[in-house]
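# sequence first, predicted model second:
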Amino acid sequence: MPALSPTWTVERIELLKRHFEAGLSCREIAADIGVSRNAVIGKLSRLNLTRGRSVDERRLQDRTSAPRAPKAVPRLQFEMLATIYGEADAPVVTGPIDDANRCSLMELREYSCRWPISTPGAEDFRFCGNAAQDGQPYCTGHSRLAYRPNSRGRLMRG
DNA sequence: CCCTGATTCGC
DNA sequence: GCGAATCAGG
C-alpha cells in the first residue's frame, strides 16, 4: 500500500462523479470525500465534468413565471443548518466526538455517523459510528466539522 | 458580508 | 496532475 498521499484514487473519483451527478454542491462533495472544495472543483474541471459554465446562471434561468413570493424573510446558511438538524429549534448541541464507536462499512447502520476515520498508514477504512439523527449522515459533532469548519476555510489545509 | 462554481498558475 | 489562490457571479 502506498504510504504517501492517497491523492485521487478511483474510489474517490467514483464518489466524486456519483455525488456530482446526484446534484450535490462542490462543498458537500468535498466535505464527504475529505478534501477541500477547490480540490473537488479542480478535479471536476480536469475531468471535463463542469456543468457548462457557472451554477449561478441556471438559477436565474429557473425563475420563470415567478408570482412574486411574499416571503421577504432573509435567509442565510441558517436554512442549511436547520435542514441538517431537522428543526431550527434545536439548541447548540455540540456532542462530544466519540471515537470508541467507530466501525467498519459493514457495521454501519442508518443512524451511524459516516464520518471517515482514516489514520495515516492504516488502509482499513473505519467510520465514526456515533449516533446520528435521522436523515443525517454524520453525528452532531462531525456535522459541524463537515459543513462549517470555520470562517473561510483557512484551517482547511491538510 | 456571505455564498457558489471556474479558472489560473505555482508546485 | 494537483490544489491553493484568485477570479467571477449572486
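Noted; the coordinates are in hand. Numbering: from 1, shown residues only, chains lettered A, B, ... in the order given.
# hey, let's count contacts and neighbours off CA atoms from now on
Fine.
# now name the helix or strand holding A:A30.
helix A:26-33 (DSSP states H and E).
# now check that helix, is it near DNA strand C?
No - where contact is defined by CA under 7 Å from any atom of the strand, no part of helix A:26-33 touches DNA strand C; the two come within 9.8 Å at best.
# how about the next helix or strand after that helix: buried residues?
The C-terminal neighbour of helix A:26-33 among helices and strands, as given by DSSP H and E, is helix A:37-46. Of the residues in helix A:37-46, those scored as buried under the neighbour-count criterion (16 or more other CA atoms under 10 Å) are A:R37, A:V40, A:I41, A:K43, A:L44.
# ok, the third one to A:S112 distance?
Taking CA to CA, to the nearest Å as the criterion, A:I41 is separated from A:S112 by 28 Å.
# for burial, what's the neighbour tally of the closest residue in space to A:I33 that isn't next to it in sequence?
Computed as CA to CA, 6 or more residues apart in numbering, the closest residue to A:I33 that is not its neighbour in sequence is A:R12, at 6.8 Å. A:R12 has 16 neighbours, counted by other CA atoms under 10 Å.
# please name the residues that touch the residue in chain A that DNA strand B sits nearest to.
In chain A, no residue comes nearer to DNA strand B than A:S25, which is 3.0 Å away by CA to the nearest atom of the strand. By CA atoms under 8 Å, 6 or more residues apart in numbering, A:S25 lies in contact with nothing.
# can you list the residues that contact the lengthiest helix in chain A?
Longest helix in chain A by number of residues (criterion: DSSP state H): helix A:10-21. Contact with helix A:10-21 is made by A:C26, A:I29, A:I33, A:V40, as judged by CA under 8 Å, 6+ apart.
# give me the angle between it and helix A:26-33.
150 degrees (axes from the mean of the first three to the mean of the last three CA atoms, to 10 degrees).
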